[in-house]
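Asks: Just to be clear, the model below is a prediction. Sequence and coordinates:
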Amino acid sequence: MLKGKTALVTGSTSGIGLGIAQALARQGANIVLNGFGDVDAARSQVLAAGEAAAARVAYHGADMCRVADIEDLMKYSVSQFGRVDILVNNAGIQHVANVEDFPVERWDAVIAVNLTSAFHTCRVALPAMQNANWGRIINVASVHGLVGSAQKSAYVAAKHGIVGLTKVIALENATTGVTCNAICPGWVLTPLVQKQVDAKAAEHGLSDEDAKKLLLREKEPSMQFSTPEELGELVLFFCSPAANNVRGAAWNMDGGWAAQ
């Protein structure tokens, strides 16, 4: 379905971003990976996913807090594959504290990575998408783009912001072949969420499995984690002809969290 297209997925060396990159590669898209950690393992997994479709994979280690790095990432993607057709803004970080105790530098970092970086990637990618009259921007928000949770002021503010940015970009391109939508997952068992599981296990003296159940019980009626693979399939839907007129959606995959 996506043979000849290029997809840039930020924060794609693990977790949700990696699952999305693998899904896109399976459909033939060339992939630009970005993130930290075990880059070689991520590249190998995406190459394996896209092997049958002859997808190619490149990597850029841009720090998504830095505008110059982001601009270089965009230029690199174009130099590797010609144009960014599919932009998935997935990079994210978290910090948990009450507002009065929230370190200012952590607030700035969460807003920069989770929200401001998406503005910069979009502003650079949009002209080429508009000229081609085809493009897909998918912003990985969160159920926290729809509802709040205590001690997550920066994250909730950023994710509400990314939902708003999604709507504006969708409206500005509503008569073109460029669409912009947001995905709002609930709990997905990524390294970021595993840290919260570990904290609950330590706080309450629970096993890993019981801590996971406690985490889910607090928010997610389905009592199950969504998976990176499921989110990857949703991204493929947004990239498909069936989603040509899906614009500005904040699509929650949250096990009923926001329905309560």
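Replies: Cool, got the structure. Numbering: from 1, shown residues only.
Asks: List of residues touching stretch 78-89?
Replies: Stretch 78-89 is contacted by residues 2, 5-10, 12, 17, 20, 24, 29-30, 32, 56, 58, 74, 77, 117-118, 121-122, 125, 128-129, 132, 134-140, 162, 235, 239 when judged by Cβ atoms under 8 Å, 6 or more residues apart in numbering. No exception for glycine: its C-beta is placed from N, CA and C like everyone else's.
Asks: Now, of those residues, which are buried?
Replies: Buried members of the contacts of stretch 78-89, counted by 16 or more other Cβ atoms under 10 Å: 2, 5-10, 12, 17, 20, 24, 29-30, 32, 58, 74, 77, 117-118, 121-122, 125, 128-129, 134-140, 162, 235, 239.
Asks: hmm, back to that, so which of the contacts of stretch 78-89 are in helices?
Replies: In helices, judged by DSSP state H, the following of the contacts of stretch 78-89 are found: 17, 20, 24, 74, 77, 117-118, 121-122, 125, 128-129, 132, 162, 235, 239.
Asks: Tell me the one of those residues nearest Leu214?
Replies: Gly17 (26.5 Å; Cβ to Cβ).
Asks: could you measure that closest one against Pro221, distance?
Replies: Using Cβ to Cβ, to the nearest Å, Gly17 is found at 26 Å from Pro221.
Asks: what do you get for His95?
Replies: Counting by Cβ to Cβ, the gap from His95 to Pro221 is 27 Å.
Asks: buried set for the one helix or strand Glu203 maps to?
Replies: Assigned by DSSP states H and E, Glu203 belongs to helix 191-204. Going by neighbour count (16+ other Cβ under 10 Å), the buried part of helix 191-204 is 193, 197, 200-201.
Asks: Also stretch 222-229?
Replies: Using 16+ other Cβ under 10 Å as the test for burial, stretch 222-229 gives 225-228.
Asks: For that stretch, what is the distance to the chain centroid?
Replies: Mean C-alpha position of stretch 222-229 versus that of the full chain (Cα atoms, centre = their mean, to the nearest Å) differs by 15 Å.
Asks: repeat for stretch 66-81
Replies: For stretch 66-81, the separation from the chain centroid amounts to 18 Å (computed by Cα atoms, centre = their mean).
Asks: Any stretches of the stretch 1-150 of the chain with poor pLDDT?
Replies: Within the stretch 1-150 of the chain, no range satisfies pLDDT under 70.
Asks: all strands of it, in order?
Replies: With strands called from DSSP state E, counting those that start in this stretch, the stretch 1-150 of the chain shows them at 6-9, 30-34, 57-60, 86-89, 135-140.
Asks: closest to Asn181 out of these?
Replies: Asn181 lies closest, by Cβ to Cβ, to one member of those: strand 135-140, at 5.9 Å.
Asks: Note down every partner strand of that closest one and its orientation.
Replies: strand 86-89 (parallel), strand 178-185 (parallel) (DSSP bridges).
Asks: Taking their axis directions, it and helix 117-132 sit at what angle?
Replies: Calculated by axes from the mean of the first three to the mean of the last three Cα atoms, to 10 degrees, strand 135-140 forms an angle of 160 degrees with helix 117-132.
Asks: Enumerate every residue touching Ala23.
Replies: Counted by Cβ under 8 Å, 6+ apart, Ala23 has contacts 49, 229, 232-233, 235-236.
Asks: now swap in Ala141 and tell me
Replies: Per Cβ under 8 Å, 6+ apart, neighbours of Ala141: 159, 162-163, 166, 182-184, 250.
Asks: buried residues in stretch 71-86?
Replies: 73-74, 76-78, 80-81, 84-86.
Asks: Make TSV out of those and add distance to Ala150.
Replies: Compiled in TSV, the buried residues of stretch 71-86 are given as follows (distance: Cβ to Cβ, whole Å):
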residue	distance to Ala150
Leu73	34
Met74	36
Tyr76	40
Ser77	38
Val78	42
Gln80	43
Phe81	43
Val84	37
Asp85	39
Ile86	35
